[in-house]
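Trainee: Here's my sequence, what's the structure:
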Amino acid sequence: MQKRRVLAPALAVGALAALAPAVGAAPATAAPAAAQTQPTRQAQQTPDWKGCGPELPAGAECATLELPLDYREPTGPTIDVEISRRTADAPALRRGILLLNPGGPSGPGLGMPWEPAAPLPKAVTDRYDVIGFDPRGVGRSTPLTCEVPSEQRKEARPYRSATFQRDVAETRAVAEKCRAKYGDSIRHFNTRNTARDMDAIRAALGEQKINYLGYSYGTYLGAVYSELFPHRSDRMVLDSAVDPDLVWQKDTHLYATEVERAFTRWTKWAARNADRYHLGNTPARVSRTFWKIVEQADRKPVLVGEHRYDGTELRSAMRPYFYSREAASELTVNLRKAAAGEPVPPFEGAGRISDDNTHSSFNAVTCGDAAWSRSVKGYRASAERNAARYPLFGDHAFNVTPCTFWDKPVEKPTRVRNDVRALILQNEWDSQTPLIGARGLRSHMKGSRLVTVDEGEGHGIYAANRNGCVDDLTTAYLAHGTYPSKDVTCRAEPPAPQEGPANPVHPAIADAARGNLR
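Mentor: Model (predicted):
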């Protein structure tokens, strides 16, 4: 059968839509064993390295790999996956390749080998060809664009009885736009296939194993890779972790349950620092200060920067900040001023809306990795119930999403249960990937080690000048193979100056700090 090819990024979306009828629907069962290994032609590809363009340093090299849309049909339609390479600084010390992923899902990774906000230490860049790549559906790798209007690309929809039917209509419309444009093809843009793409990159580069550093969602991608290809997994670092058993509906619910714990911690700290912030000298009074602002904003929205926020929007905007005690205190002081009519600066990143590619690829992965509940009545009941149980964010986390109306996933979600070695790095107070997720991943990867930063705040740790203990442990592992004999606890260090709640290590994690990505 003649090979059918999905065209390069500029034309990919139209090609995918045209090819959709040719890609048959698949049952939601685990892929056959043949899909776990790469077809021979992947190993036979020789990357044609060229310059990456003005966005990356002059010495950066990029290449395009042609990979299967569906690995169960290795001679069927293909996609393009763009990779980048920063060759080892000390060839005599080189020990292989180090693949990077920034998170998301939908974070572009092509520029990560040269990321200035999180420069890899020399001991690492001496020993590895550092490989970046845009995951399938993202950036230069056959990007998905469902052509969803910007006003419908909402990060989180609060449940309100009066607007629920509108939420249902808008989220259904997002799913239908993607379905109409791409048909069945979009279901193959998922984490399992991205992990298979990673192994195809390994094969095309002529390597026996992969070393890997993944942040946030990238920890799930790395865990899935370790499950599909345990014999190909070498030194793995999973920074700010996701529990594979929770993807993705239950993981979203953690935003509601965990922020309540962070809020309680913050009120205690702000009360101890009442002389500085004057928010109340007991946790109950600090809490009441915040909720009075919310109640006032519900009656009359308050002006923050150039945007007026009602109470629901304030709760959503503040959710990630409660994990940073100082940031939450300073912002609440500003909110009190705003409620009194004083001008105050905007929230970090306020007004930013995900672009169409980010929004479309995020939905493709989170809706396509595992099935979500499809009961609209169930969402209404759950949102009403959990809005009362978790008043800060329950109405957002349990409401309908485009995944409510997405087609059934091609495969079952990956059940990660293995003995692969991996360093799992985790701040205790991470706003996007809570500690409970890292503990879950540690329990599923029996050979791993969990490195926890006690009282650590922020999302993403390694190479971001956040914690010397974590950096030293991770560099020793990547560079020299030094592996802890047991789990490790590091002390939190004074935070570096920051403007937002997460001090992200990569632009994709900056989006995560705003609650859009993981």
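
Trainee: and Ala464, what pLDDT?
Mentor: Per-residue confidence for Ala464 comes out at a pLDDT of 90.

Trainee: From Arg232, how far off is it?
Mentor: Computed with CB to CB, to the nearest Å, the distance linking Ala464 and Arg232 is 28 Å. C-beta here means a position set from N, CA and C on the backbone, and glycine is covered the same way.

Trainee: Which one's more surrounded, these two?
Mentor: Ala464 (23 against 19; other CB atoms under 10 Å).

Trainee: Wait, that one touches Ala117, no?
Mentor: Yes. Counting by CB atoms under 8 Å, Ala117 is a contact partner of Ala464 at 6.7 Å.

Trainee: Secondary structure element holding Tyr225?
Mentor: If you go by DSSP states H and E, Tyr225 is part of helix 217-228.

Trainee: Which other helices and strands does that helix contact?
Mentor: Counting contacts by 3 or more CB pairs under 8 Å, 6 or more residues apart in numbering; DSSP states H and E, the secondary-structure elements packed against helix 217-228 are strand 96-101, helix 191-204, strand 210-215, strand 233-239, helix 435-444.

Trainee: May I have the third one exported as PDB, CA atoms only?
Mentor: Listed next in PDB are the C-alpha coordinates belonging to strand 210-215 (Å, rounded to 0.1, in the frame of the first residue of the first chain):
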ATOM      1  CA  ILE A 210      17.200   7.800  26.200                       C
ATOM      2  CA  ASN A 211      18.200  10.100  29.100                       C
ATOM      3  CA  TYR A 212      15.400  12.400  29.900                       C
ATOM      4  CA  LEU A 213      14.400  15.600  31.800                       C
ATOM      5  CA  GLY A 214      10.700  16.500  31.900                       C
ATOM      6  CA  TYR A 215       8.900  19.200  33.800                       C
END
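
Trainee: Between helix 217-228 and that strand, find me the angle.
Mentor: On the basis of axes from the mean of the first three to the mean of the last three CA atoms, to 10 degrees, strand 210-215 is oriented at 150 degrees to helix 217-228.

Trainee: And the last one, by the same measure?
Mentor: Direction vectors for helix 435-444 and helix 217-228, defined by the same axes, to 10 degrees, enclose an angle of 10 degrees.

Trainee: And for the longest one?
Mentor: Using the same axes, to 10 degrees, the inter-axis angle of helix 191-204 relative to helix 217-228 is 70 degrees.

Trainee: Show me what helix 191-204 is packed against.
Mentor: Counting by 3+ CB pairs under 8 Å, 6+ apart, helix 191-204 packs on helix 40-44, strand 61-68, strand 78-86, strand 96-101, strand 128-133, strand 210-215, helix 217-228.

Trainee: Identify each of the strands in the stretch 401-518 of the chain and give its residue range.
Mentor: Using DSSP state E, counting those that start in this stretch, the strands of the stretch 401-518 of the chain run over 423-429, 449-457, 488-491.

Trainee: Out of the ones you listed, which is the most enclosed?
Mentor: Highest mean neighbour count among the strands of the stretch 401-518 of the chain (mean count of other CB atoms under 10 Å): strand 423-429, with a mean of 25.

Trainee: Okay, now the sheet partners of that strand, with direction.
Mentor: Strand pairing for strand 423-429, using DSSP bridges, gives strand 233-239 (parallel), strand 449-457 (parallel).

Trainee: of the ones you listed, which approaches Arg308 most closely?
Mentor: Put simply, out of these the one that sits nearest Arg308 is strand 449-457, at 29.2 Å, with distance taken as CB to CB.

Trainee: Other residues contacting the closest one?
Mentor: Applying CB atoms under 8 Å, 6 or more residues apart in numbering, the set of residues contacting strand 449-457 from outside is 323-325, 421-430, 435, 438-439, 442, 461, 466-467, 469-470, 473-474, 483-484, 486-492, 495.

Trainee: so how far is that strand off the chain centroid?
Mentor: Put simply, strand 449-457 sits 19 Å off its chain's centre (CA atoms, centre = their mean, to the nearest Å).

Trainee: For the closest residue to Val304 other than its chain neighbours, pull up the helix or strand it's in.
Mentor: Nearest in space to Val304, with sequence neighbours left out and distances taken as CB to CB, 6 or more residues apart in numbering, is Ala338 at 5.2 Å. Ala338 is located in helix 325-339, with elements delineated by DSSP H and E.

Trainee: and the angle for that helix with strand 449-457?
Mentor: Direction vectors for helix 325-339 and strand 449-457, defined by the same axes, to 10 degrees, enclose an angle of 40 degrees.

Trainee: Show me what helix 325-339 packs onto, helices and strands only.
Mentor: Short answer (3+ CB pairs under 8 Å, 6+ apart): helix 325-339 packs on helix 249-272, helix 274-277, helix 283-299, strand 302-304, helix 311-318.
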